Structures are given as structure tokens and as C-alpha cells.
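> Based on what follows, work out the 3D shape:
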Amino acid sequence: NHFIAYLVLSLNWCLIKNKRTFFFLGLLLCGCYGLSLEYLQGFVPGRVPSWLDALANLGGVVTGFVLYVLMKPQRFG
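Model (predicted):
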């Protein structure tokens with residue numbers, strides 16, 4: 001679920017922001033968002049942060065951006 005959610009998040013970012021600067025900023029922001037949410041779960045009663053969930057978040061972000069690049073290579077030419 002984490003992987004799919006962050007894959008969709010990163011694909012949406014790519015479709016909205018198609019300039020090279022925003023592309024790399026989005027990769028960084030989406031990755032940091034996933035990591036920070038997992039970290040902050042440690043401060044919520046009844047929730048536990050998980051490194052596996054954090055890795056799934058990052059995997060989804062990277063996969064989403066890679067899929068976008070493979071499907072739309074002309075945008076960065």
C-alpha cells in the first residue's frame with residue numbers, strides 16, 4: 001500500500017510539474033515527505049515507525065519518477 005500510494009504521488013507531481021528543476025525538487029520532496037511521516041509516527045500513541053514502510057515509500061517515489069521518464073522522454077530533451 002505504501003509503495004502504490006507514493007508511486008501515485010510521484011506520478012502526479014511529474015504530471016503537474018514538468019520542468020527539470022521541479023522534477024528533481026519533487027523527487028526530493030516526495031522522498032522526504034515519506035521519510036518524515038514514518039519518523040513522526042513514533043510520536044503518535046499507538047503507532048510505530050517502520051523502516052520497511054519508509055523503504056516502500058522511497059521505492060514508490062523512485063519507481064514513479066522512473067516510469068514517468070520512460071514514458072515521457074521528450075520533456076527533458
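
> and the lowest-mean-pLDDT helix or strand in the chain, what other elements does it pack with?
Taking mean pLDDT, DSSP states H and E as the measure, the chain has helix 20-40 as its least confident helix or strand, at a mean of 87. Packing partners of helix 20-40 (3 or more Cβ pairs under 8 Å, 6 or more residues apart in numbering; DSSP states H and E): helix 2-16, helix 51-71. Bear in mind the C-beta positions are built from the backbone N, C-alpha and C, glycine included.

> As TSV, those helices with mean neighbour count, distance to residue 25 and mean pLDDT would be great.
Putting the helices and strands packed on helix 20-40 into TSV (neighbours: other Cβ atoms under 10 Å; distance: least, Cβ to Cβ, whole Å; pLDDT from 0 to 100) gives the following:
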stretch	mean neighbour count	distance to residue 25	mean pLDDT
helix 2-16	17	9	90
helix 51-71	17	12	91
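
> As JSON lines, those with distance to residue 41 would be great.
Formatted as JSON lines, these follow (distance: least, Cβ to Cβ, whole Å):
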{"stretch": "helix 2-16", "distance to residue 41": "12"}
{"stretch": "helix 51-71", "distance to residue 41": "8"}
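
> mind checking which of the ones you listed is nearest residue 31?
The closest of the helices and strands packed on helix 20-40 to residue 31 is helix 51-71. By Cβ to Cβ, the value is 5.1 Å.

> about what we covered before: buried sites along the least confident helix or strand of the chain?
Along helix 20-40, these residues count as buried under the neighbour rule (16 or more other Cβ atoms under 10 Å): 23, 26, 27, 30, 31, 34, 35, 38.
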